[in-house]
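A.B. asks: generate a structure from the sequence data that follows.
(one chain, ligands or ions: 2)
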Amino acid sequence: MKTEVVSAQECAKAIKLLRDGEVVALPTETVYGLAADALNPDAVAKIFEAKERPRFDPLIVHLPNREALDEIATVESRLARELMEKFWPGPLTIIFSKREIVPDIVTAGLETVAVRMSAHLTFHEVVRKLNRPLAAPSANQFGRISPTTAQHVFDELNGRIPLIVDGGATEHGIESTIVQVANRVIAVWRRGPITDEMLRPFGEVREQTSPVTVGAPGQLPTHYAPRTKLIVVESLREFSPPSGKGIGVLCFSSVGDATPFAVVRQLSERGDPRQAAANFFRMLRELDREDLDLIVAERLPEEGIGAAINDRLARASARFDPSSRA
Ligand code: AMP
Ligand code: MG
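C.D. replies: Ligands and ions are numbered 1, 2, ... in the order given. Model prediction:
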């Protein structure tokens, strides 16, 4: 299969393919998604095939409009409504009880469905015109670094999907926050651009610590992984580099002494965690291409979106460091 890359102005092509039960890569405000008609199980199966994603890993469903929520889920919680009011459209995914119309392949057999409404102009236009909910996980091979540009998607999925819509680099750069609510408690399944601090005015925020098999591969211990060995350190100042190795650094705002390092990538010169998130997966991918022996990444301050980046760092390095926190 030949993979075509088109500009956002040509998204009519995407709509036609999606209507025909095909998969299409689309930009969202978080990372690029690989979309298919969520109510067509054969189309959704193509997402799993292209990504080589295991079937136990449920997908997020993106709505064409708010009214469509009631067709696929039951919303009992007032708190959930408040969160939707505040954060939709935007990078917040909420888990609801699912209705029968949602195919099992989407939810990996769970009785719940994860739902989101994207604020990205192109994604929104496609899903609105299609007027069907879209299942859309990140457009990368399973377990690997998430794509934040159309080129990243091409590098991962060339020849496996018919179309990529290029909407430029994504705004947030990390995946949506995933929550489930009950009474006044907000359980955070995956940290993301909507931070604990932003959720706290609405209820008690708890980290979800249930077994990983119940549906959150963003929560699998190994995820987002580069090919190059990656280790995470609290502070580069306390890191003594092994001699004779090609070492790349992923630092937050400054590296200090850069001499021991072959390549340095700085997430945010001005020390802005939001900018760091937007650059995170791209820079990790760039370092992974440098033929290094080791990548050393420095943890961010554990607050706001910095905590979401730290979470991804822990999972990206878990394969190489059995004692890591993930
Ligand atoms: P991705 O879109 O690739 O970032 O993956 C979707 C994420 O949403 C995964 O981490 C899923 O586990 C999570 N997810 C989807 N549906 C559910 C659900 N019903 N319950 C819990 N997590 C879910
Ligand atoms: Mg993913």
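
A.B. asks: could you report the neighbour count for Gly90?
C.D. replies: For Gly90, the neighbour count with other Cβ atoms under 10 Å is 19. C-beta: built from backbone N, CA, C; applies to glycine.

A.B. asks: can you tell me, leaving aside adjacent residues, what's nearest to it?
C.D. replies: Ala119 (5.0 Å; Cβ to Cβ, 6 or more residues apart in numbering).

A.B. asks: so is the one you found in a helix, a strand, or just coil?
C.D. replies: Following DSSP: H, G, I helix; E, B strand; the rest coil, the label given to Ala119 is coil.

A.B. asks: and the gap between it and Glu49?
C.D. replies: 29 Å (Cβ to Cβ, to the nearest Å).

A.B. asks: of the two, which one has the most company?
C.D. replies: Remark: of Ala119 and Glu49, Ala119 carries more neighbours, 16 against 11, as counted by other Cβ under 10 Å.

A.B. asks: tell me if I'm right that the more buried one and Pro89 touch.
C.D. replies: Yes: proximity of Ala119 to Pro89 meets the contact threshold set by Cβ atoms under 8 Å, at 3.9 Å.

A.B. asks: identify the residues contacting Val255.
C.D. replies: Counting by Cβ atoms under 8 Å, 6 or more residues apart in numbering, Val255 touches Leu236, Val249, Phe261, Val264, Gln266.

A.B. asks: ok, the fourth one - how many residues close by?
C.D. replies: Burial of Val264 is recorded as 16 neighbouring residues (other Cβ under 10 Å).

A.B. asks: same check on the second one?
C.D. replies: As a burial measure, Val249 scores 25 neighbours (other Cβ under 10 Å).

A.B. asks: ditto for Leu110
C.D. replies: Applying other Cβ under 10 Å, we find 17 residues neighbouring Leu110.

A.B. asks: I'd say it and Pro58 touch.
C.D. replies: Yes: Leu110 lies in contact with Pro58 (Cβ under 8 Å); the separation is 5.8 Å.

A.B. asks: in what helix or strand does Ala36 lie?
C.D. replies: When elements are assigned from DSSP states H and E, Ala36 belongs to strand 33-37.

A.B. asks: Arg53 - how many residues pack around it?
C.D. replies: Neighbour tally, Arg53, other Cβ under 10 Å: 19.

A.B. asks: can you confirm it is in a strand?
C.D. replies: No: secondary structure of Arg53 (three-state DSSP): coil, not part of a strand.

A.B. asks: please name the nearest non-neighbouring residue to it.
C.D. replies: Phe142 (4.3 Å).

A.B. asks: now Leu17
C.D. replies: According to Cβ to Cβ, 6+ apart, the nearest residue to Leu17 is Val24 (5.3 Å).

A.B. asks: with Ala108 instead?
C.D. replies: Going by Cβ to Cβ, 6+ apart, Ala108 has Pro58 as its nearest residue, at 4.1 Å.

A.B. asks: okay, the one you found: pLDDT?
C.D. replies: If you check Pro58, the pLDDT there is 95.

A.B. asks: pull stretch 299-317 out as PDB, backbone CA atoms only.
C.D. replies: The C-alpha coordinates for stretch 299-317 follow below in PDB (Å, rounded to 0.1, in the frame of the first residue of the first chain):
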ATOM      1  CA  ARG A 299      13.400  14.500  35.300                       C
ATOM      2  CA  LEU A 300      11.300  17.700  35.400                       C
ATOM      3  CA  PRO A 301      10.000  19.300  38.500                       C
ATOM      4  CA  GLU A 302       7.100  17.000  39.600                       C
ATOM      5  CA  GLU A 303       4.200  19.400  39.100                       C
ATOM      6  CA  GLY A 304       1.700  20.300  36.400                       C
ATOM      7  CA  ILE A 305       2.600  18.900  33.000                       C
ATOM      8  CA  GLY A 306       6.100  18.100  34.300                       C
ATOM      9  CA  ALA A 307       4.600  15.200  36.200                       C
ATOM     10  CA  ALA A 308       3.000  13.900  33.000                       C
ATOM     11  CA  ILE A 309       6.400  14.100  31.200                       C
ATOM     12  CA  ASN A 310       8.100  12.300  34.200                       C
ATOM     13  CA  ASP A 311       5.500   9.600  33.900                       C
ATOM     14  CA  ARG A 312       6.400   9.000  30.300                       C
ATOM     15  CA  LEU A 313      10.100   9.100  31.000                       C
ATOM     16  CA  ALA A 314       9.700   6.400  33.600                       C
ATOM     17  CA  ARG A 315       7.900   4.200  31.100                       C
ATOM     18  CA  ALA A 316      10.200   5.000  28.200                       C
ATOM     19  CA  SER A 317      13.200   3.900  30.300                       C
END
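
A.B. asks: chain center to it: distance?
C.D. replies: Between the centre of stretch 299-317 and the centre of its chain there are 13 Å (Cα atoms, centre = their mean, to the nearest Å).

A.B. asks: for it, what does the pLDDT average out to?
C.D. replies: 95.

A.B. asks: would you mark the buried spots in it?
C.D. replies: By 16 or more other Cβ atoms under 10 Å, the buried positions in stretch 299-317 come out as 299-300, 304-317.
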